[in-house]
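K.L.:
using only what follows, build the 3D model:
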Amino acid sequence: MPDPFYVTTAISYPNGRPHIGHAYEAIAADVIARFQRLRGREVRFQTGTDEHGLKMLRKAEEQGRSARELADEMSGYFRDMCDGLGISYDRFIRTVDKDHHRASQALWQAMEANGDLYLDRYEGWYSVRDEAFYDESELIGEGDNKLSPQGTPVEWTVEESLFFRLSKYQDKLLELFEKNPEFLKPDSRRNEMIAFVSGGLRDLSVSRTSFDWGVKVPQADGGADKGEGAHVMYVWVDALTNYLTGLGYPDQTELMTKFWPADLHLIGKDIVRFHAVYWPAFLMSAGLPLPKQVFGHGFLLNRGEKESKSLGNVTDPMALAERFGVDPLRYFLMREVAFGQDGSYSPEAIVTRANAELANSFGNLAQRSLSMIFKNMDGELKIAAPHADDSALESLVRNACVNELPLEFENLNFSVGLEAWMRAVFACNQYVDDQAPWALRKEDPARMEAVLMTLFRSVRMLAIAVRCVVPTSADRLLDQMGIGPDARDFAALDGGDWFTDLAASGFRLEKPEGVFPRLDMPESEPA
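P.N.:
The predicted structure is shown next:
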């Protein structure tokens, strides 16, 4: 049996509704989870919302309501987005969940027991929007116009705080990056973190006393005398612990035994520091195994610009899905952008890509192949004598579906894997043109049947291989082809007698229905 696989997204900060960047990460993680299931692995997939911190509290105060009321409403929008985009999560976690508070406090106590927490006074720059502390040397701008490296406002903060001995783990983190280069990908992110850690790590303020919207710091013996009872955890200690919470930590549950350490934390490049420096240090302190990989993907830009409320270009991902369809949107995002780099999208780019590759190429291939079988063979599947051209095509398609696409998807090179898949689609369309089964119907009916059966088998392989990207559409196609739900993974592509069995079962194709309709170019935007 293949090893289990645990994948997580970053948990989204719900001080506003989801934007396309949230959808991009959720879709990518879902493609990974579905792909690993197709490979026969038992998968645990977790996403959710990060609801504590000063940013949420201030947003709620602006609206005249409690932080919990805001969190409940906004978290609901993120869950709705995941459900609407076909995100196959096993747990949608919220940091207000009781088991999460318990897990966070247990991790805190483990770090405290290791001697890595101490009480002091914090004075420094803090970005409420990033929920992050910054050293003076990291800031940009002058005087009262100082900004964080992310371009967000910072404010001078002075308060009593508990500190984590992050500096203690500097050498261990550098050793991690050096000896395990796969821990942080792409390589550009690892190089950034090596430079950051090499510059010297300061101990990290990990509690706040100026507000109480968060996980309470557990009181150790004598803790109340030191003021610890009034502390809440720094939001990133709380947030990062979610990856353990979903497996039942601190209990040694079956899920913990099976799925920890995580195989992949999928995150945006702007929060790599928290996941690749703070998180492994916390885990080292608590005596827990480190995740196998952190991957910091790039930003998704709107016509080349980062989305922001001030620019008025924030896109509702559900509006895009409603406009163009969930599967075309999923396909576009995985096909268009080299994963790990920044990418750009626009409504017309979605239409152009979806029409060219899904509707005109694969959709048309499937529709005309099945239609010819329905029309010319009364929907019956027949065993035909093999021909060199047929074997050559099936070999090419099999290589793309069994070798090339899986290899690239395993390395998160989605666009490259889909390019290999598209080459196989193009080869099938060229085969149709070369063999001209409409002409063979009169000239050589037996040869026509062999050609159509070759296309049937090829379309099946292509549909199974791309299921993780366009699951609803691929399954609708496979339903029409008589391929059962238990025969739609990569193991089903390893040969066998499936075609002989299906033909012998008496299955007949009904009149096929297209699964990838052409999209109309938005009228309000240039074509």
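K.L.:
quick check: residue 296 vs residue 132, distance?
P.N.:
15 Å (Cβ to Cβ, to the nearest Å). Bear in mind the C-beta positions are built from the backbone N, C-alpha and C, glycine included.
K.L.:
now residue 314
P.N.:
Taken as Cβ to Cβ, the span from residue 314 to residue 132 is 22 Å.
K.L.:
cool, residue 122 as well?
P.N.:
13 Å.
K.L.:
next one: residue 74
P.N.:
With distances taken as Cβ to Cβ, residue 74 is found 20 Å from residue 132.
K.L.:
then residue 444?
P.N.:
Where residue 132 is concerned, residue 444 sits at a distance of 70 Å (Cβ to Cβ).
K.L.:
and these two? which has more neighbours close in?
P.N.:
Neighbour count, other Cβ atoms under 10 Å: between residue 444 and residue 132, residue 132 has more, with 23 against 13.
K.L.:
ok, the nearest residue to the more buried one once chain neighbours are set aside - contacts?
P.N.:
Nearest residue to residue 132, sequence neighbours excluded (Cβ to Cβ, 6 or more residues apart in numbering): residue 148, at 6.9 Å. Applying Cβ atoms under 8 Å, 6 or more residues apart in numbering to residue 148 gives the contacts 125, 127, 130, 132, 134, 138-140, 154.
K.L.:
what do you get if the cut-off is 10 Å, keeping everything else the same?
P.N.:
125-127, 129-130, 132-134, 138-141, 154 (Cβ atoms under 10 Å, 6 or more residues apart in numbering).
K.L.:
what about the helix or strand of the chain with the lowest mean pLDDT, distance to the chain center?
P.N.:
Within the chain, no helix or strand scores below strand 132-134, which has a mean of 80 by mean pLDDT, DSSP states H and E. Offset of strand 132-134 from its chain centre (Cα atoms, centre = their mean, to the nearest Å): 26 Å.
K.L.:
and the next element down the chain from it?
P.N.:
Downstream of strand 132-134, the next assigned helix or strand under DSSP states H and E is strand 155-164.
K.L.:
partner strands of that next one, with direction?
P.N.:
Sheet partners assigned to strand 155-164 using DSSP bridges are listed as strand 117-127 (antiparallel), strand 204-205 (antiparallel).
K.L.:
so which of these is nearest residue 336?
P.N.:
For the strands paired with strand 155-164, the distance to residue 336 is smallest for strand 117-127, at 31.4 Å, taking Cβ to Cβ.
K.L.:
quick one: average pLDDT of the closest one?
P.N.:
The average of the pLDDT scores along strand 117-127 is 88.
K.L.:
in it, what's buried?
P.N.:
117, 122, 125-127 (16 or more other Cβ atoms under 10 Å).
K.L.:
repeat for stretch 73-89
P.N.:
Neighbour counts over stretch 73-89 (16+ other Cβ under 10 Å) mark 74-75, 77-79, 81-82, 85-87, 89 as buried.
K.L.:
do stretch 351-358 as well
P.N.:
Under 16+ other Cβ under 10 Å, the buried positions of stretch 351-358 are 351-355, 357-358.
K.L.:
please apply the same query to stretch 413-426.
P.N.:
For stretch 413-426, by 16+ other Cβ under 10 Å, it's 413-422, 424-425.
K.L.:
need the strands paired with strand 155-164 in CSV (columns: distance to residue 518).
P.N.:
Converted to CSV, the strands paired with strand 155-164 look like this (distance: least, Cβ to Cβ, whole Å):
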stretch, distance to residue 518
strand 117-127, 46
strand 204-205, 53
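K.L.:
closest one to residue 232 among those strands?
P.N.:
Closest to residue 232 of these is strand 204-205 (Cβ to Cβ; 12.2 Å).
K.L.:
now do that closest one: distance to the chain's middle.
P.N.:
Centroid separation for strand 204-205 versus its chain: 29 Å, with Cα atoms, centre = their mean.
K.L.:
cool, and stretch 111-120?
P.N.:
So, by Cα atoms, centre = their mean, the centroid of stretch 111-120 is 34 Å from its chain's centroid.
K.L.:
what's in contact with that stretch?
P.N.:
For stretch 111-120, using Cβ under 10 Å, 6+ apart, the contacting residues are 108-110, 160-166, 168-169, 203, 205-207, 217-218, 220, 223, 226-228, 231, 237, 281-287.
K.L.:
all helices of the stretch 401-527 of the chain, in order?
P.N.:
405-410, 414-435, 437-443, 445-465, 471-480, 498-504 (DSSP state H, counting those that start in this stretch).
K.L.:
out of these, which is the most enclosed?
P.N.:
Most buried of those, by mean neighbour count (mean count of other Cβ atoms under 10 Å): helix 445-465, with a mean of 22.
K.L.:
now the angle between helix 471-480 and that one, please.
P.N.:
150 degrees (axes from the mean of the first three to the mean of the last three Cα atoms, to 10 degrees).
K.L.:
helix 445-465 vs helix 414-435, what angle?
P.N.:
Taking the same axes, to 10 degrees, one finds helix 445-465 and helix 414-435 inclined to each other by 170 degrees.
K.L.:
would you write a PyMOL line that selects the buried entries of the contacts of stretch 111-120?
P.N.:
Selection of buried members from the contacts of stretch 111-120 for PyMOL, criterion 16+ other Cβ under 10 Å:
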select buried, resi 108+109+110+160+161+162+163+164+165+166+168+169+203+205+206+207+217+218+223+228+231+237+281+282+283+284+285+286
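K.L.:
okay, and which of the contacts of stretch 111-120 map to strands?
P.N.:
With strands taken from DSSP state E, the overlap with those comprises 160-164, 205, 207.
K.L.:
identify the contacts common to residue 122 and residue 132.
P.N.:
Common neighbours of residue 122 and residue 132, using Cβ under 10 Å, 6+ apart, are residue 234.
K.L.:
the nearest residue to residue 461 once chain neighbours are set aside: how many residues sit nearby?
P.N.:
What sits nearest to residue 461 in space, not counting adjacent residues and going by Cβ to Cβ, 6+ apart, is residue 401, at 4.6 Å. Using other Cβ under 10 Å, residue 401 has 23 other residues around it.
K.L.:
does residue 401 touch residue 489 like I think?
P.N.:
No: if you go by Cβ atoms under 10 Å, residue 401 and residue 489 don't touch, sitting 11.7 Å apart.
K.L.:
picking that back up, now render the ones in strands among the contacts of stretch 111-120 as a markdown table, adding distance to residue 13 and pLDDT.
P.N.:
Converted to a markdown table, the ones in strands among the contacts of stretch 111-120 look like this (distance: Cβ to Cβ, whole Å; pLDDT from 0 to 100):
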| residue | distance to residue 13 | pLDDT |
| --- | --- | --- |
| 160 | 25 | 89 |
| 161 | 21 | 92 |
| 162 | 23 | 95 |
| 163 | 24 | 96 |
| 164 | 21 | 97 |
| 205 | 19 | 93 |
| 207 | 19 | 94 |
